[in-house]
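**Q** Turn this into a model:
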Amino acid sequence: MTYAMSRRTLLRGSLGVTTAGALAGLGAASAEGNPRPGTPPTDAEIYGVTTKDPLISQRADPWITRPVNGTYYFTGSVPEYDRLVIRGASTLDGLSTAEESVIWRRPAGGTMGGHIWAPELHRIGGKWYIYFAAGDAGDVFRIRTYVMESALDDPRDPAGWTLKGQLRTEWDGFTLDATSFSHRGKQYLVWAQSEPEIAVNSSLYIARMANPWTFATKPTRIATPTLSWEILGYRVNEGPAVLIRNGRVFLTFSASATDARYAMGLLTADADADLLKRESWVKTPDPIFVTNEKTKRYGPGHNSFTVAEDGKTDVLVYHARDYRDITGDPLYDPNRHTRVQKLYWHEDGTPLFGIPVGDGGPIVRLSPADAPRWFVRHTGDEVKTEKAPRDLEKTQFRFVAAADGTETIQSVDEPGRFVTVTGTTVSLSATGTPVTRVASRQGVTIRVAPGRYLRHVNGALTVSDKATAFRLS
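**A** Residues are numbered from 1 along each chain as shown. Below you'll find the model as predicted:
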């Protein structure tokens, strides 16, 4: 992202930071004596996503729509598992304090009178649909999937909602976490279900839909938990979410027990493939989003995707706790909070999830202007640059302002460590070197002492009287 980026997200107040604070470290002219360019974007504008964390407390299985007529809508599981809720706001940050509407409550007894789980809100054919899982009053874990419909423009109005009924799958079994998506004129449903004669808790299935509550095809099982990280506590593949980008269909899912072992995986299909064929889908062998002890985010998962206010920046929505140890059954621990963070992309078109980033301000990556496909990256204590690295978290930093107008550069995945300069050596340590950002035509230069600047030389970072301009992205 360049300095030409729109400032409208900040002007709308969606990012929760001030211009003055974010620009505290910018000097008035470049080290090379170039005149200062137009006011550069703040770190918050560059990051493009609210850093309020959690975004919504005690809401698990979060689902945030893309904006519809300028409004984001949110739904998710409440700790009581007894109702369906929706809130709306013009910004992601605004969802945090938006009034929540109860659009349906479970009956006092009988069918659907048990646990109410994981609602998703979809706009299909000009109407709203909610897919949700419900148990029965006499057996709260007899979970099946149900569909509700509203023809009103505002899904927060309870008066618009009617129950279409149970989503009837190929066999009657534990069924949950339905998500719907459209691809090339066809509407699909992906969901989690236990299948007879398969000794796992749930696998993932896909089918094409005749309408939002009726299948047009038989289901195809596209994933089942077999890998070591998918079978911790329970053998689970669940919580699917779909993102179509760069000629591919990416499908995230969650696996294992709902404690700190909960993690996210990834299935990928070519956009031209027959999505109803099992062989079209390839599972990434390792999890792509896991617990991080250093940022204090545990059991991240059951995600969804939306976009930032610019309409282009992809946003990862997920829940996670901020502590590991749980008393009793994790299912009844209320503190799975809704969180959001920016989703990045590798130059080969695949997503980079990084880590649950934890508390702190907006995040930037630094690229030398003379090598824009390279990023400042740390390996252990060493800080250097590398071409198109895949370990996103090693390239993410925060500029932390000090009272004297200087800043320190904090590592995101090592939040207790900062960029430190010793002579001409650049490293990470617990005590960062104060720096000043100086605007230049190509980005910013980073002054570490009077007349001394960070300099990029063939992948190495050093300190010199000659400055390298860095682009923040």
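
**Q** which residue ranges form the strands in the stretch 1-150 of the chain?
**A** Along the stretch 1-150 of the chain, counting by DSSP state E, counting those that start in this stretch, strands occupy 26-27, 60-64, 72-77, 83-89, 100-105, 116-124, 127-136, 139-150.

**Q** Pull out the buried positions in the last one.
**A** Taking 16 or more other Cβ atoms under 10 Å as the neighbour-count basis, strand 139-150 is seen to contain the buried residues 142-150. (Each C-beta comes from the backbone N, C-alpha and C, glycine too.)

**Q** try stretch 271-284
**A** Buried, per 16+ other Cβ under 10 Å, within stretch 271-284: 275-276, 280-281, 283.

**Q** Arg208: which of these is nearest?
**A** Comparing the buried residues of stretch 271-284 against Arg208 with Cβ to Cβ places Leu276 closest, at 6.6 Å.

**Q** dump the residue contacts of the closest residue to the closest one other than its chain neighbours.
**A** For Leu276, ignoring the flanking residues on the chain, the nearest one in space by Cβ to Cβ, 6 or more residues apart in numbering is Thr220 at 5.1 Å. By Cβ atoms under 8 Å, 6 or more residues apart in numbering, the contact set of Thr220 is 205-207, 276-278.

**Q** let's see it at 10 Å
**A** 190, 204-208, 274-278, 280-281 (Cβ atoms under 10 Å, 6 or more residues apart in numbering).

**Q** so which two of those residues are the farthest from each other?
**A** Using Cβ to Cβ, the two most remote members of the contacts of Thr220 are Leu204 and Asp274, lying 16.4 Å apart.

**Q** Surely Thr327 is within a helix?
**A** No. Assessed with DSSP: H, G, I helix; E, B strand; the rest coil, Thr327 is coil; it does not lie in a helix.

**Q** CSV for the buried residues of stretch 271-284, including pLDDT, distance to Glu197 and secondary structure?
**A** Shown next, in CSV, are the buried residues of stretch 271-284 (pLDDT from 0 to 100; distance: Cβ to Cβ, whole Å; DSSP: H, G, I helix; E, B strand; the rest coil):
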residue, pLDDT, distance to Glu197, secondary structure
Leu275, 98, 25, coil
Leu276, 98, 21, coil
Ser280, 98, 24, helix
Trp281, 98, 21, coil
Lys283, 98, 21, strand
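
**Q** could I get those residues as CSV with distance to Gly94?
**A** Converted to CSV, the buried residues of stretch 271-284 look like this (distance: Cβ to Cβ, whole Å):
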residue, distance to Gly94
Leu275, 35
Leu276, 39
Ser280, 39
Trp281, 36
Lys283, 36
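
**Q** Next, give me the two most distant ones among these.
**A** So, the buried residues of stretch 271-284 by Cβ to Cβ: farthest apart are Leu276 and Lys283, at 16.8 Å.
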